[in-house]
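Colleague: quick one, fold the following:
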Amino acid sequence: MRMSAVWAVRAGDTGLLWITLVTAFTAGIIASLACGLGALPLMIKRLDPVKQRGLGYGFAGGLMFSASVYNLLLPALDLGDGGWSLNSVAPIIGGVLLGAVFLQVAESRIHDSPDLPERWKRWGGRTGFLVFIAMTIHSIPEGVAVGVGYAADYNPATQDAVSGMGTTLALAIAIHNIPEGLAVAIPLRGAGASIARCFWAAVATSLTQPLATVPAVLLAWFFTPLMPVLMGFAAGAMIFLVILELIPEALETESPKRIAWAFTLGFCLMLMVQVVL
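Modeller: Numbering: from 1, shown residues only. Sure thing, here's the model as predicted:
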């Protein structure tokens with residue numbers, strides 16, 4: 001289905017196209033700011049990752065793993081025309097593997113670079129910097145989804161069938177962004193960053209959302225079939241990061257049982273958010 005907002009230009013209604021773009025972009029900005037709210041719970045002294053860094057990494061790993069499964073992989077499977085079949089899962093698996101390769105390359109480049117240690121400290125060390133990269137990638141397909149949703153909302157050919165899709169997606173993503181922002185903030189706070197830095201760092205990882213809405217609105221017909229690959233890519237990068245960096249880092253300072261509980265609690269929190277929505 002070609003849900004591109006180009007229909008508005010062809011019809012001579014450039015004003016409606018601009019309304020679509022501005023609405024989608026604004027929704028993306030609001031979702032980005034919601035990501036920053038995830039840093040606020042770290043103001044509670046009992047949740048200080050500086051003293052409980054290992055547990056914080058385990059908890060963040062659970063959040064990210066759960067987000068990969070319930071916010072990316074399962075919705076990507078539902079996008080397939082053939083339902084849950086080999087044809088629908090193939091592009092997702094391809095995206096997952098590409099995401100894992102990308103994260104491995106990024107980790108290798110950071111590890112081998114002599115110029116990054118000072119930058120790592122600002123972003124919670126190497127692990128925190130990689131979390132920042134992975135969560136930034138994670139925000140791209142979410143922004144595309146919002147843009148495609150608003151394109152469908154404002155398209156006369158589809159708006160009756162999908163009324164309110166853009167707003168519903170933007171609201172759901174904004175709420176999801178709060179615990180995801182917490183996952184970004186934990187390594188930063190553990191490295192001694194201020195709450196303000198944690199807030200804006202979490203917002204920064206989500207700025208790809210409003211940026212992605214613009215081409216998605218204009219070229220929804222192009223991005224719609226790519227969504228399974230994009231979502232798989234983001235999930236693959238995050239899952240690979242959790243296993244490669246977060247869990248080993250957490251185990252350096254805490255017992256496996258405590259890390260397992262922290263991971264499980266983080267997983268359950270994101271699952272609860274998903275169910276509530």
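
Colleague: pLDDT below threshold where in the stretch 101-250 of the chain?
Modeller: Along the stretch 101-250 of the chain, segments meeting pLDDT under 70 span 111-125, 153-164.

Colleague: now the residue nearest to Tyr150 when sequence neighbours are not counted: phi and psi?
Modeller: Spatially, and ignoring its direct neighbours in sequence, Tyr150 is nearest to Gly166 (3.3 Å; C-beta to C-beta, 6 or more residues apart in numbering). Every C-beta, even on glycine, is put in place using the N, C-alpha and C of the backbone. Backbone dihedrals for Gly166, given as degrees, to the nearest 10, come out at phi -60, psi -50.

Colleague: distance check, Gly166 against Ala24.
Modeller: 6 Å (C-beta to C-beta, to the nearest Å).

Colleague: please enumerate the shared neighbours of the two.
Modeller: Here Gly166 and Ala24 have Val146, Gly147, Gly149, Tyr150, Ala151 as joint contacts, going by C-beta atoms under 8 Å, 6 or more residues apart in numbering.

Colleague: for stretch 239-249, buried residues please.
Modeller: Within stretch 239-249, the residues that count as buried by 16 or more other C-beta atoms under 10 Å are Ile239, Phe240, Leu241, Val242, Leu244, Glu245, Leu246, Ile247, Glu249.

Colleague: in which helix or strand does the second one reside?
Modeller: I take that to be Phe240. Take DSSP states H and E as the rule and Phe240 turns out to sit in helix 227-241.

Colleague: that helix packs against which elements?
Modeller: helix 53-67, helix 74-79, helix 86-112, helix 125-153 (3 or more C-beta pairs under 8 Å, 6 or more residues apart in numbering; DSSP states H and E).

Colleague: got the angle between that helix and helix 86-112?
Modeller: Using axes from the mean of the first three to the mean of the last three C-alpha atoms, to 10 degrees, the direction of helix 227-241 lies 40 degrees away from that of helix 86-112.

Colleague: then helix 227-241 to CSV, C-alphas only?
Modeller: This file holds the C-alpha atoms of helix 227-241, laid out as CSV (Å, rounded to 0.1, in the frame of the first residue of the first chain):
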residue,chain,number,x,y,z
MET,A,227,10.5,-1.7,8.7
PRO,A,228,11.1,-5.4,9.5
VAL,A,229,14.8,-5.1,8.5
LEU,A,230,15.2,-1.8,10.4
MET,A,231,13.5,-3.2,13.5
GLY,A,232,15.6,-6.4,13.4
PHE,A,233,18.8,-4.3,12.9
ALA,A,234,18.0,-2.2,16.1
ALA,A,235,17.1,-5.4,18.1
GLY,A,236,20.3,-7.2,16.9
ALA,A,237,22.5,-4.3,18.0
MET,A,238,20.9,-4.1,21.4
ILE,A,239,20.9,-7.8,22.1
PHE,A,240,24.5,-8.1,21.0
LEU,A,241,25.5,-5.2,23.3
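
Colleague: what's the following helix or strand after that helix?
Modeller: helix 247-251.

Colleague: how far away from the center of its chain is that next one?
Modeller: 22 Å (C-alpha atoms, centre = their mean, to the nearest Å).

Colleague: burial of the nearest residue to Gly266 once chain neighbours are set aside, as a residue count?
Modeller: Spatially, and ignoring its direct neighbours in sequence, Gly266 is nearest to Gly62 (2.6 Å; C-beta to C-beta, 6+ apart). Counted with other C-beta atoms under 10 Å, the neighbours of Gly62 add up to 28.

Colleague: how near is Gly62 to Val242?
Modeller: For Gly62 relative to Val242 (C-beta to C-beta), the value is 8 Å.

Colleague: next: Val144.
Modeller: 23 Å.

Colleague: do Ile29 as well
Modeller: For Ile29 relative to Val242 (C-beta to C-beta), the value is 28 Å.

Colleague: what's next to the helix or strand Ala262 falls within, contact-wise?
Modeller: Here Ala262, judged by DSSP H and E, is contained in helix 256-276. With contact meaning C-beta under 8 Å, 6+ apart, helix 256-276 is reached by 54-67, 70-71, 175-176, 178-179, 183, 247, 250-251, 254.

Colleague: let's see 6 Å
Modeller: Outside of helix 256-276, the residues within contact range by C-beta atoms under 6 Å, 6 or more residues apart in numbering are Leu55, Gly58, Phe59, Gly61, Gly62, Leu63, Ser66, Ala67, Tyr70, Pro179, Ala250, Leu251.
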